[in-house]
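[1] Build me a structure from this.
(4 chains)
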There are 2 protein chains.
Amino acid sequence: MKKITIGEAARRSGVKVPTVRYYESIGLLAAPSRSEGNQRSFEPADISRLAFIRHARELGFEIEAIRTLLTLQDDPHQSCASADAIAKARLVEVEQRIRSLMALKAELETMVEGCGHGRVDQCRVIEVLADHGQCTHTRH
Amino acid sequence: MKKITIGEAARRSGVKVPTVRYYESIGLLAAPSRSEGNQRSFEPADISRLAFIRHARELGFEIEAIRTLLTLQDDPHQSCASADAIAKARLVEVEQRIRSLMALKAELETMVEGCGHGRVDQCRVIEVLADHGQCTHTRH
DNA sequence: CTACATCCTCTAGCGACTAGAGGTGCAAGA
DNA sequence: TCTTGCACCTCTAGTCGCTAGAGGATGTAG
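    Down below sits the predicted model:
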């Protein structure tokens, strides 16, 4: 097996080089073996792990949640109830966030549409910001 | 006019006490006058400004954008084109974010639904994370 | 052999706060 | 008047998940 450098690992996993080192530093990735010249030498399994982490990060999971998911992956005989719970919690968060962003979107649209493109004292953007009471969607 | 303490200002504006001090420290809010005992004494205008900032933050505007919006508010004879542009840019960001969260939501739902509530080696949550190729929505 | 890309470690910085230490001011009850 | 106890003060450091840069070593292609 030929050695995989950190640059190669980064390219294959889609995680940036400094981020790979960062993940190692926080113990999310085991410290790989080193070459004679002290350069990291990764295994294919490390690439999969990095890809796993990257995918989970893209899905918005926090590092600590990923840590748990990884220990679950490492021991496939465990119950997947924790993984399920983590994913469900994340789903609830995402749904919440979408709802809140939809409300923001509506408010921003009102602001932008109301802008007469004139001077600030007739501008709805500034006015709405100054007075929350004008919001169509008060819950945010 | 009676003095408004920082606690009172915080309660009225909905901004937390340390955050008020933080906004002062970064120059978003002018340093208020002080009492004999060196305690901050706010004016009603400060409360409005804090409420403005809070509302803008809730809408996801960055501090630097808010700084610009505040200078516009301070000089109502300026053109509101900048305010308009800032709000529009924010709207585009929000729309983008909503789209991406919708894709995440779909993927998380697939994961959670596919979970057989058994052991990890049959768990779709772990499996999908490990292999991005299984995503229904590849663009995220 | 010499460029030059890539690697190494280390520290500091980002945004927008938040937490805590260690101390002072102030209003109200005993 | 004293004391209790909360609210205030400044300052530093920590949060999250990286990212940037300094200053140097290694590895590879021509």
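[2] where does chain A have low pLDDT?
    Scanning chain A with the threshold set as pLDDT under 70 gives A:1-2, A:116-120, A:122, A:132-140.
[3] Spell out which parts of it neighbour DNA strand D.
    A:16, A:18-19, A:22, A:35-39, A:57, A:62-64 (CB under 7 Å from any atom of the strand). No exception for glycine: its C-beta is placed from N, CA and C like everyone else's.
[4] Restricted to buried residues, select those in ChimeraX.
    Buried residues among these (16 or more other CB atoms under 10 Å in any protein chain shown), as a ChimeraX selection:
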select /A:19
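[5] Pick out the most distant pair among the residues of chain A next to DNA strand D.
    A:E36 and A:E62 (37.5 Å; CB to CB).
[6] residues from chain A in reach of DNA strand C?
    Counting by CB under 7 Å from any atom of the strand, the residues of chain A that sit close to DNA strand C are A:5-8, A:10, A:17-18, A:21, A:38-40.
[7] what about the residue in chain A that DNA strand C sits nearest to, how many residues close to it?
    Closest residue of chain A to DNA strand C, CB to the nearest atom of the strand: A:G7 (2.3 Å). Counted with other CB atoms under 10 Å in any protein chain shown, residues neighbouring A:G7 total 12.
[8] Would you report the backbone torsion angles of the closest residue to A:R21 other than its chain neighbours?
    Counting by CB to CB, 6 or more residues apart in numbering or on different chains, A:I6 is the residue found nearest to A:R21 once chain neighbours are left out, at 7.2 Å. Torsion angles at A:I6 (phi, psi; degrees, to the nearest 10) stand at phi -70, psi -30.
[9] How much space separates A:I6 from chain B?
    21 Å (CB to the nearest CB, to the nearest Å).
[10] how deep is A:L101 tucked in, by neighbour count?
    19.
[11] could you say which helix or strand contains the closest residue to it other than its chain neighbours?
    Closest residue to A:L101 apart from its sequence neighbours, by CB to CB, 6+ apart: B:I98 at 5.0 Å. B:I98 is part of helix B:81-114, with elements assigned from DSSP states H and E.
[12] Can you tell me the SS state at the residue most central in space within chain A?
    Closest residue to the average C-alpha location of chain A: A:G60 at 3.4 Å, with CA atoms, centre = their mean. Classification of A:G60 by DSSP: H, G, I helix; E, B strand; the rest coil places it in coil.
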